[in-house]
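*Asks:* Whatever this is, show me its structure:
(2 chains)
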There are 2 protein chains.
Amino acid sequence: MQKNLIDLLAAIAGNDAVLAGDSAAPYCTDWRGRYSGKALAVVFPSNTTQVAEVVKLCAANQITIVPQGGNTSLCGGSVPLPQGAQIVLNLSRMNQVRAIDPTNYTMTVEAGCKLDYVREAAEKCNRFFPLGLTATQKFCEIGGNLSTNAGGINVLRYGNARDLVLGLEVVLPDGRIWNGLRSLRKDNSGYDLKHLFMGAEGTLGIITAAVLKLYPRPQAEATACVAVRDPAAAVALLSHLRASCGDRISAFEIISRSSLDLVFRHMPDTREPFTEKHGWIVITQLADVLSAPLDEALRGALRSFGAGIAEFDISSDKDHAERWWKLRKNISEAQKREGISIKHDVSVPISRVADFIARADTALQNAFPGIRIVAFGHMGDGNIHYNISMPDAAQNKSFLKQQEGAVNKLVYAAVGELNGSISAEHGLGQLKRDAIRAYKDPLEMELMRTVKQAIDPHGLMNPGKVL
Amino acid sequence: MQKNLIDLLAAIAGNDAVLAGDSAAPYCTDWRGRYSGKALAVVFPSNTTQVAEVVKLCAANQITIVPQGGNTSLCGGSVPLPQGAQIVLNLSRMNQVRAIDPTNYTMTVEAGCKLDYVREAAEKCNRFFPLGLTATQKFCEIGGNLSTNAGGINVLRYGNARDLVLGLEVVLPDGRIWNGLRSLRKDNSGYDLKHLFMGAEGTLGIITAAVLKLYPRPQAEATACVAVRDPAAAVALLSHLRASCGDRISAFEIISRSSLDLVFRHMPDTREPFTEKHGWIVITQLADVLSAPLDEALRGALRSFGAGIAEFDISSDKDHAERWWKLRKNISEAQKREGISIKHDVSVPISRVADFIARADTALQNAFPGIRIVAFGHMGDGNIHYNISMPDAAQNKSFLKQQEGAVNKLVYAAVGELNGSISAEHGLGQLKRDAIRAYKDPLEMELMRTVKQAIDPHGLMNPGKVL
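*Replies:* Residues are numbered from 1 along each chain as shown, chains lettered A, B, ... in the order given. Take a look at the predicted model:
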């Protein structure tokens, strides 16, 4: 079968568009190196018709398909399973911007366009595409961003990836092409099917193209670094800033002392933002399409907040602000240099973020005295990256392997008590496929299976992921 | 059965919560008086458990259900069919605000809360709920707004109703309750089921409660009345204003001369906005949470636009601006006084609005010389209300009855050529249930039926609507 399959795939997509054996391996291991699988072949179709033909071929032979973009999933969503009976359908060759309509503030892009390229294409037309994933936007592709409903730092202003989409083109599990590439702001002519495919992590079909919303380009920016008394003060500050500055707030990130210390230890060119060491800092950014400076509005809003702020500094100079952003952007890399850690990507209502941190901290310190907690993230969305390791890096590997289940249980319990989510932005993939069953209402899981069964009755699309 | 059914419904919801016969009639005729049906009974449950019990009773007896809120559907979506074998399940008694969390900018409301009440409850906490439907917000209920994905005049800034929702509670067609009342800004833990139920017009389940997004309250407003050369100038002006004023633009409405003339003829206290009579005017509004005046920003943006504007006037005085808004808000009522007309609620990409008006006008004038076209609406969303009548009101009734099909065909053809929608914001209901089949991709219709069959396999929920 495999030889025959490769010939058939090559007949559809071309000889140079099919990989197997060793050359397929890079597409079978995930971004973090945690998941490795095997594939019968990796195929790189160049257009939607080829994608449809590949899917039809697989459907006829009951071969399951792993859709793949830039393969930057953080939860093993975009690599094949170890059994090796699947094909990887990589969209990277479908990398054309099909149309830009600056007057409609929309662009039509193919799934394989890299996120950076989408952003640049918008800028060339004096427009702004707001999805931003600082760690991966050079590598990830828009089809994957939409399939996983990607988040990032601008969500509090512009929404998640699904909120940036007006229309989709999808190859269904039987190989038929649904052309839903409408670019309408209002369309109440039946069920909104596009939302089914976004966030489904490729388990219901393959997104091959999308109509994206564009925005006017911001002309002025101001950034503040704020030392806050504690996470509760940060929660109140965000609420206050929204009321006083509105939609101008385009980022609001929180960083704990433990995160800062890691960055200072491992990353060059980073330094304390204030003379005094503070327990928690917030980096927040205002942006506006008007070119009038935003410093004064931001200063006024921060000054009127009161006792929860220890000190703050404001800059509208990009380089100056970047020094603060470096503290935020380098946390993951600093952690990697420190060794293994147990990472969480959780969300709770914004008003409960401080509550969550307090509950989870207490539970963990009680169970594992002295454990190190590195909390930071998108507080503006109630989305905290909450990572745990041993203070002594040498102990990490064995301890964490044994205790990962116990640690997760405590963190997820705090999430559950506050009606939160154990996956805020990274998705489920393989990583949380089992865990989610314990935390989600069984009726909701059943509804998800009902939808899966209806759209993909033979289970051909990305099995072993999500549900 | 009917006597028995009424007893059983009364046992669930109380004796005073069931109507039948003549007293049920007001709930069986639609808002415009175009659709009348019959119901075995109308039941008014007070809480979600009662809704679930009613649905279980109906499911056990294969009685179909028409979910109903304020019964303000403009397409016959919320009334029973003429056959009389259904029950109307009216949500109006479920009218509690369950919770408000100003810090999280969310509120949890029951389906039967009137839209005006939801807006007022938000205001009491110094927050803003942006969904606004000037004609009906005193009567319509939030459950219906979400089930029909309502639009209105603030969509260009805040999105449609579905964009204002973080979580839902839904009674499924088998009577089980799905509690999806999460209030999270980010949650990628599986399929986003809430989008299935919004815009489904009650055909997949009954929305009983929702977590709504709130926004900071705008503190400053400025409104402009702008005489534009033609619709193409209006299209370009909107694009220019977005680039220069950004998200401050909270409304952008276009009004044709024919619409203005109708208003002046029938509505007291209305007058020409300018000394000269212009063919098209635009009313646009900026709003901001900062209290600094917006007049200058708006004036500057309009002045820099160029030749497409004949003249304009700006005001930040509410009463003054209301004189302009009256021209827009009174068009429907003025039309009603003039007699019957064929109404359309269509959308195209914003960049194609002028194109649509030109194509549809030409086609109609060719087919029916002298026919009167009243075009106006939410240009900021590409959503035009495009209504047609005879210039002599006396001829209207017989002519339009005969020609409605032919008129619709021409208008829908122009919509189709521009990849638009024949229902922008009002939904399909009974009115466009047949028409949509001719205009939507058969594969998309099939996908909709697949979803319907999966979620409501016995077809109990609002049959005869949508699909």
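
*Asks:* Briefly note if stretch A:34-54 comes near chain B.
*Replies:* No. Stretch A:34-54 lies apart from chain B when judged by Cβ under 8 Å from any Cβ of the partner chain; the minimum separation is 11.9 Å. Placement of C-beta: from N, CA and C, glycine included.

*Asks:* So for that stretch, first residue to last residue, what's the gap.
*Replies:* For stretch A:34-54, the first-to-last residue distance is 28 Å (Cα to Cα, to the nearest Å).

*Asks:* could you give me the average pLDDT of it?
*Replies:* For stretch A:34-54, mean pLDDT is 97.

*Asks:* ditto for stretch A:205-218
*Replies:* On average, stretch A:205-218 scores 98.

*Asks:* same question, stretch A:260-269
*Replies:* 95.

*Asks:* Contacts for it, please.
*Replies:* Applying Cβ atoms under 8 Å, 6 or more residues apart in numbering or on different chains, the external contacts of stretch A:260-269 come out as A:270-272, A:281, A:326-327, A:330-331, A:333-335, A:337-338, A:374.

*Asks:* Now do the buried residues in that stretch.
*Replies:* A:Leu260, A:Leu262, A:Val263, A:His266, A:Met267 (16 or more other Cβ atoms under 10 Å in any protein chain shown).

*Asks:* how far out from the middle of the chain is it?
*Replies:* 24 Å (Cα atoms, centre = their mean, to the nearest Å).

*Asks:* Next: stretch A:314-331.
*Replies:* 21 Å.

*Asks:* And stretch A:48-61, by the same measure?
*Replies:* 28 Å.

*Asks:* before we move on, what about stretch A:180-195?
*Replies:* Worked out by Cα atoms, centre = their mean, stretch A:180-195 lies 24 Å from the chain centre.

*Asks:* Quick check: mean pLDDT of it?
*Replies:* Here the average pLDDT along stretch A:180-195 is 98.

*Asks:* one step back: can you tell me which of the buried residues of stretch A:260-269 are in strands?
*Replies:* Applying DSSP state E to the buried residues of stretch A:260-269, no entry is found in strands.

*Asks:* Could you find which two of the residues you listed are furthest from each other?
*Replies:* Farthest-apart pair in the buried residues of stretch A:260-269 is A:Leu260 and A:His266; separation 11.5 Å (Cβ to Cβ).

*Asks:* in chain A, which residue is closest to the centre?
*Replies:* A:Ala150 (3.8 Å; Cα atoms, centre = their mean).

*Asks:* Spatially, and excluding backbone neighbours, which residue is closest to that one.
*Replies:* A:Ala161 (4.4 Å; Cβ to Cβ, 6 or more residues apart in numbering or on different chains).

*Asks:* Please tell me how far the one you found sits from A:Asn149.
*Replies:* Distance from A:Ala161 to A:Asn149, counting by Cβ to Cβ, to the nearest Å: 5 Å.

*Asks:* So those two - more neighbours on which side?
*Replies:* A:Ala161 (27 against 23; other Cβ atoms under 10 Å in any protein chain shown).

*Asks:* Contact partners for the more buried one?
*Replies:* A:Ala161 touches A:Leu131, A:Asn145, A:Leu146, A:Thr148, A:Asn149, A:Ala150, A:Gly151, A:Met198, counting by Cβ under 8 Å, 6+ apart.

*Asks:* With A:Ile283 instead?
*Replies:* So A:Ile283 contacts A:Thr223, A:Ala224, A:Cys225, A:Val226, A:Ala251, A:Phe252, A:Glu253, A:Ile255, A:Trp324, A:Trp325, A:Leu327, A:Arg328 (Cβ under 8 Å, 6+ apart).

*Asks:* tell me which element the last one is part of?
*Replies:* Following DSSP states H and E, the helix or strand that holds A:Arg328 is helix A:318-329.

*Asks:* Show me which residues of that helix are buried.
*Replies:* A:Ala321, A:Arg323, A:Trp324, A:Trp325, A:Lys326, A:Leu327, A:Arg328, A:Lys329.

*Asks:* what's it in contact with?
*Replies:* A:134-135, A:221, A:223, A:225, A:253, A:255, A:259-260, A:263, A:267, A:269-271, A:273, A:281, A:283, A:285, A:315, A:376.

*Asks:* Could you give the average pLDDT over that helix?
*Replies:* 94.

*Asks:* Check what contacts whichever helix or strand comes after that helix and list those residues.
*Replies:* Note on helix A:318-329: by DSSP H and E, the next helix or strand toward the C-terminus is helix A:331-338. Residues from elsewhere that reach helix A:331-338 (Cβ under 8 Å, 6+ apart): A:135, A:255, A:259, A:262-263, A:265-267, A:341, A:374, A:376, A:385, A:387, A:389, A:393.

*Asks:* Run through chain A and note the low-pLDDT ranges.
*Replies:* A:1-2 (pLDDT under 70).

*Asks:* quick one, longest helix in it?
*Replies:* Looking across chain A with DSSP state H, the single longest helix is helix A:393-417.

*Asks:* Check the offset of the helix or strand following it from the chain's centre.
*Replies:* Under the assignment DSSP H and E, the closest C-terminal helix or strand after helix A:393-417 is helix A:435-439. Between the centre of helix A:435-439 and the centre of its chain there are 20 Å (Cα atoms, centre = their mean).

*Asks:* Likewise for stretch A:148-167?
*Replies:* So, by Cα atoms, centre = their mean, the centroid of stretch A:148-167 is 9 Å from its chain's centroid.

*Asks:* Can you give me the first-to-last residue distance of that stretch?
*Replies:* 16 Å.

*Asks:* Could you do stretch A:460-467 as well?
*Replies:* 13 Å.

*Asks:* Determine whether any part of it lies close to chain B.
*Replies:* Yes. For stretch A:460-467, a contact with chain B is found by Cβ under 8 Å from any Cβ, at A:Val466, A:Leu467.
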